[in-house]
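> kindly return the folded structure for what I paste below:
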Amino acid sequence: MITAKITSKGQITIPVDFRKKLDTDLVEVTMEGEKIIIKPIKKMGGILQKYAMKDKSIEEVMEKEKKVMANTFRQKHGHN
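Numbers count the residues shown, from 1 in each chain. Predicted coordinates for the structure are as follows:
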């Protein structure tokens, strides 16, 4: 087990040994109760397929996803 600091941007560093075992630079992050689960994504498919844009970087796709999620949250909680 390691201890990781969460930066002001919400980022953590995954140790290099762990990253090598992932064999990908794309992960799915979910919560189960009090636990944060990080799973490697080997293929862009399933739920991520709608975000797959060949002419965009992963950072641009993730930014679009963040905006969609924020908009969805606002709509669900009445913060239009």
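> CA atoms only: put the host helix or strand of residue 20 into PDB for me.
If you go by DSSP states H and E, residue 20 is part of helix 16-22. Extracted in PDB, the C-alpha atoms of helix 16-22 (Å, rounded to 0.1, in the frame of the first residue of the first chain):
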ATOM      1  CA  VAL A  16       5.600   3.500 -11.900                       C
ATOM      2  CA  ASP A  17       5.400  -0.200 -11.000                       C
ATOM      3  CA  PHE A  18       1.600   0.000 -10.900                       C
ATOM      4  CA  ARG A  19       1.500   2.000 -14.200                       C
ATOM      5  CA  LYS A  20       3.600  -0.600 -16.000                       C
ATOM      6  CA  LYS A  21       1.300  -3.400 -14.900                       C
ATOM      7  CA  LEU A  22      -1.700  -1.400 -16.200                       C
END
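> what mean pLDDT does that helix have?
For helix 16-22, mean pLDDT rounds to 87.
> gap between that helix and the chain center?
17 Å (Cα atoms, centre = their mean, to the nearest Å).
> now do stretch 5-22
That offset, for stretch 5-22, works out to 12 Å (Cα atoms, centre = their mean).
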